[in-house]
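A.B. asks: generate coordinates for the sequence data below:
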Amino acid sequence: MSTSRRDFLKKASILSATAVSLPALHVKASEEPRFNMSGYAAPKIDKVRVAFVGLGNRGTGAVDRFTYIEGAEIVAVCDKHRDRAEKHQKMVVDRGLKKPAAFSGAEGWKEMLKSVKIDLLYICTPWDYHTEMCVEGMLAGAHVACEVPIGLTIEDCWKVVKVSEETRKHCMMLENCCYDFFELQTLNMARAGVFGELVHAEGAYIHDLLDLNFSKTYYDDFWRLKENIRFNGNLYPTHGIGPVAQCLNVNRGDVMTSLVAMQSNDFQMGEEAKRLAKEDPETYGQFVGAQFRGNINTTLIRTQRGKTIMIQHDVTSPRPYSRIHKLSGTKGFCEKYPKIGISLKSYQNGHNFLPEAELNKLREQYTPEIVKFIGEQAKKVGGHGGMDFMMDWRLIDCLRNGLPLDQDVYDAAAWSAIVPLSMESVKKGKVVEFPDFTRGAWITNKPLELTLKGGGNTKIRSISGKSDKQLNV
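C.D. replies: So this is what the prediction gives:
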């Protein structure tokens, strides 16, 4: 073989190896000029006028929490049931606050957007309504905060992203687990390099909801049970993905590129439907023979930078609650369930968890400013141990001070997209591509910095008749 031929083959081999180890950047160029909402600071709003739609389980807690936030004015409440709207209207008045407008009926929320001046639309309805309400809220001139997920299809996720960019209105998904105290501490540790280079992360929603899903009163018209028939995939991934995605700088230096999901058969929901139908055929007969989603879904995700993520979903198996929350890096590891533990390579080469005294010292060192500032008060107001109130207070404080939100519309879309992508992967039995909702901006977007710089001045109200919860900032 000639020397030139040998040199050519050598170069070709090198190029081939490079192509395998360095995949093309996951970039989708924008088809038209667009505005990047990552890091966007909207104009300040001194008094944030808030309207709530959906006053069931999550909506009731949200209205309650907002009565404590001095920088927010509840101007309207809406639910398809008139009695719920009036009940929450009275709740606000009983707290010594101005009476909000009340709207009801299937189209009540549309009338609310037309007739009330709103700065923030807070959505707590069943999932099917989220995308339309987010879009219409932004088009009406309001920022939007929406319970999870933001959309149930890839098309819906893109729609929300594009309207947010066009209107320059925030659309934040209310992923409260991002404000769990341990999740915030580990985010701070990851930012400081305590775990070294993060390699792998795990999150989950493992929560036995079998009784609640079949309850006649908990979910209106069994809407959540019906979703377990309609969606054969990971239908509630955001509690798991949200906190770990922030630690991995997803959409801000890295991006999710592919996904594969595997799911077990259903071993309990179908049997529960049969059992209940024997006692109450009129109510539960409709669910007998339905094809329920499997007990557990395991979804694996790979990022452009070669990191991996595992997300699990199980709401039927009788097992302790867990969001898993694990971070594995080149210098350390942490997990929250079943017991909080941190291991570092500097201690016994990472083979054992830190002793409790050292663990507590490390957690205290990296407790974020926001937790030190408002954490104890958030616990007193409540909402999943305080993380719900910290999320709401932080949202209002950012809007009042013109600060970027901690979670933007690209996070909302990417985390929600796991629902339809996992369904597609389960159905086809193969890896599917993850869309880049930032359209290449992830390369230059800055990582999240959750500090009180520029804000932290939103006070907490003392509530009339609530002497046990009179708080001050």
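A.B. asks: number of residues surrounding the spatially closest residue to residue 296 that is not a sequence neighbour?
C.D. replies: Distances taken as Cβ to Cβ, 6 or more residues apart in numbering put residue 314 closest to residue 296, at 4.1 Å, once the chain neighbours are dropped. (Each C-beta comes from the backbone N, C-alpha and C, glycine too.) Other residues lying near residue 314 total 21 when counted by other Cβ atoms under 10 Å.
A.B. asks: quick one, phi psi at residue 356?
C.D. replies: phi -60, psi -40 (degrees, to the nearest 10).
A.B. asks: now do the contacts for residue 274.
C.D. replies: residue 288 (Cβ atoms under 8 Å, 6 or more residues apart in numbering).
A.B. asks: same deal with the one 5 residues further on?
C.D. replies: When contacts are counted by Cβ under 8 Å, 6+ apart, residue 279 touches no other residue.
A.B. asks: use 22 as the first number from now on
C.D. replies: Happy to do that; since the first residue is 22 now, the last one works out to residue 300.
A.B. asks: so how far is residue 293 from it?
C.D. replies: Residue 300 sits 11 Å away from residue 293, going by Cβ to Cβ, to the nearest Å.
A.B. asks: show me where the stretch 72-221 of the chain has helices.
C.D. replies: Ranges of helices in the stretch 72-221 of the chain, per DSSP state H, counting those that start in this stretch, are 78-87, 103-115, 129-136, 151-160, 175-188, 202-213.
A.B. asks: still on that earlier bit, so the residue nearest to residue 317 sits against residue 319, correct?
C.D. replies: No - between residue 335 and residue 319 no contact is recorded; they are 9.3 Å apart, counting by Cβ atoms under 8 Å.
A.B. asks: and residue 199, how many neighbours does it have?
C.D. replies: The number of residues packed near residue 199 is 27, by other Cβ under 10 Å.
A.B. asks: wait, I meant residue 60
C.D. replies: Residue 60, neighbours per other Cβ under 10 Å, totals 16.
A.B. asks: so residue 297 touches residue 237, yeah?
C.D. replies: No - Residue 297 is beyond contact range of residue 237, at 9.8 Å (criterion: Cβ under 8 Å).
A.B. asks: what's the overlap in contacts for these two?
C.D. replies: Joint contacts of residue 297 and residue 237 (Cβ under 8 Å, 6+ apart) are residue 304.
A.B. asks: give me the more crowded residue out of the two.
C.D. replies: residue 297 (17 against 11).
A.B. asks: got JSON lines for the helices of the stretch 72-221 of the chain, with mean neighbour count, distance to residue 247 and mean pLDDT too?
C.D. replies: Listed next are the helices of the stretch 72-221 of the chain as JSON lines, based on neighbours: other Cβ atoms under 10 Å; distance: least, Cβ to Cβ, whole Å; pLDDT from 0 to 100:
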{"stretch": "helix 78-87", "mean neighbour count": "20", "distance to residue 247": "16", "mean pLDDT": "96"}
{"stretch": "helix 103-115", "mean neighbour count": "17", "distance to residue 247": "20", "mean pLDDT": "97"}
{"stretch": "helix 129-136", "mean neighbour count": "18", "distance to residue 247": "21", "mean pLDDT": "98"}
{"stretch": "helix 151-160", "mean neighbour count": "21", "distance to residue 247": "16", "mean pLDDT": "98"}
{"stretch": "helix 175-188", "mean neighbour count": "20", "distance to residue 247": "18", "mean pLDDT": "98"}
{"stretch": "helix 202-213", "mean neighbour count": "21", "distance to residue 247": "30", "mean pLDDT": "96"}
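A.B. asks: redo those as JSON lines? Include distance to residue 383.
C.D. replies: Formatted as JSON lines, those follow (distance: least, Cβ to Cβ, whole Å):
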{"stretch": "helix 78-87", "distance to residue 383": "30"}
{"stretch": "helix 103-115", "distance to residue 383": "41"}
{"stretch": "helix 129-136", "distance to residue 383": "46"}
{"stretch": "helix 151-160", "distance to residue 383": "38"}
{"stretch": "helix 175-188", "distance to residue 383": "37"}
{"stretch": "helix 202-213", "distance to residue 383": "8"}
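A.B. asks: out of those, flag the one nearest residue 442.
C.D. replies: Smallest distance to residue 442 across those (Cβ to Cβ): 7.4 Å, for helix 175-188.
A.B. asks: quick one: contacts of that closest one?
C.D. replies: With Cβ under 8 Å, 6+ apart, helix 175-188 has contacts from 55-58, 152, 155-156, 159-160, 162, 171-172, 190-192, 430-431, 433-435, 437-438, 441-442, 456, 458.
A.B. asks: residue boundaries of the strands in the chain?
C.D. replies: 69-74, 93-100, 122-125, 141-144, 164-167, 192-194, 219-227, 277-284, 318-324, 329-335, 347-350, 353-356, 362-365, 453-454 (DSSP state E).
A.B. asks: with mean pLDDT as extra columns, can I get those in TSV?
C.D. replies: Supplementary listing: the strands of the chain in TSV, determined by pLDDT from 0 to 100:
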stretch	mean pLDDT
strand 69-74	98
strand 93-100	98
strand 122-125	98
strand 141-144	98
strand 164-167	98
strand 192-194	98
strand 219-227	98
strand 277-284	98
strand 318-324	98
strand 329-335	98
strand 347-350	98
strand 353-356	98
strand 362-365	98
strand 453-454	98
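A.B. asks: does residue 122 really touch residue 96, like I thought?
C.D. replies: Yes - judged on Cβ under 8 Å, residue 122 makes contact with residue 96 at a distance of 6.6 Å.
A.B. asks: shared neighbours, those two?
C.D. replies: residue 137.
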